[in-house]
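# here you go, sequence then predicted model.
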Amino acid sequence: MKNTFLAFAFLLVISSLTSCVVLSPKKYKALLGTKDSLYTAFNEGLIKIENLEKEVNRLKKDTTLMAEELRDLQNSYNTVDANYKKLKSNSSSEITKLSGDLAAREKRLKEVEEVLRKRDEATNALKEKLQQALLGFTKSGLTVEIKNGKVYVSLTDKLLFPSGSIIIDEKGKQALTQLANVLKQQPEINIAVEGHTDNQKINNLGQIKDNWDLSVLRATSVVRYLTENEKVESVRMTATGKGEFQPLGSNANADGRSKNRRIEIVLSPKLDELYNLIK
């Protein structure tokens, strides 16, 4: 830019000299050539200055835009950083809470497992006691077994009742007395008495109309004997009739029908502790 201004000043000087000094044609022509060169350089300088000014303005504009983008990026970073810190804090709280919940659940699970273990131990011990107490009746069709965590004492009808009757005979009373002696020592045991029959139709049995009646009345006879004669707590007892609909054997032959005519005494531990844990 400085050279351009010098050239412009020199042109002014030349113009002034040519207007007041008489020169030879040769020198005059040389001066005109110099003048033209200086004019050309001057114009080119002006163009360069204009282009530089445009570039400066463009750079200023770009700088402004970059500054705005930088502010936006900084704001975005600040938002993300705040969300991350909040998420990290919440995650720590959630993880702590979850760990506590899992520990509590694991503790309850162990408690449930312990209750079930004790139940199984009590069930097995009860089965052994009953087998010992009722050993003398096994040949008469009495069995003791464990199913689904419960003890099933099964007595065939010939051990308890005369044919077609709901009145317990002497041998049946002896078996129920031995059973009651064990049950009275196990107050935590619930007792369900179920009556079962074969599928043969009832004939000439007075008020007993069908196998439903027979199964229910035989079950209630057993319950009455255990509660009234042997003083087993009534609150522990239930009586149900299953009729012919839960057979053990085939009703097509005498042996199967004999198995189906039975009283099942189902003994199950009270699970209040387990239910409370589950709740």
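Received, thanks. Just so it is clear, the model here is predicted, and its values are computed rather than measured.
# please identify the helix or strand for residue 248.
In the assignment (DSSP states H and E), residue 248 maps to no helix and no strand.
# pLDDT score assigned to it?
pLDDT, residue 248: 95.
# what sits against it?
196, 256, 259-260, 262 (CB atoms under 8 Å, 6 or more residues apart in numbering). C-beta here means a position set from N, CA and C on the backbone, and glycine is covered the same way.
# make a PyMOL selection of the buried ones in those.
Buried members of the contacts of residue 248, defined by 16 or more other CB atoms under 10 Å, are picked up in PyMOL with:
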select buried, resi 196+259+260+262
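# out of the contacts of residue 248, which one sits closest to residue 28?
Proximity of the contacts of residue 248 to residue 28 (CB to CB) peaks at residue 196, which lies at 146.2 Å.
# would you report the backbone torsion angles of the closest one?
Dihedral pair for residue 196: phi -130, psi 150, per degrees, to the nearest 10.
# roughly how far apart are it and residue 130?
19 Å (CB to CB, to the nearest Å).
# same thing with residue 195?
20 Å.
# now do the same end-to-end measure for stretch 247-265.
15 Å (CA to CA, to the nearest Å).
# the helices in this protein, which residues?
2-20, 25-133, 157-160, 170-183, 211-224, 254-260, 272-278 (DSSP state H).
# with mean pLDDT and distance to residue 246 added, can I get these in a markdown table?
What follows is the helices of the chain, written out as a markdown table (pLDDT from 0 to 100; distance: least, CB to CB, whole Å):
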| stretch | mean pLDDT | distance to residue 246 |
| --- | --- | --- |
| helix 2-20 | 53 | 119 |
| helix 25-133 | 82 | 21 |
| helix 157-160 | 92 | 14 |
| helix 170-183 | 95 | 21 |
| helix 211-224 | 96 | 10 |
| helix 254-260 | 94 | 8 |
| helix 272-278 | 54 | 26 |
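# kind regards, and thank you for your time.
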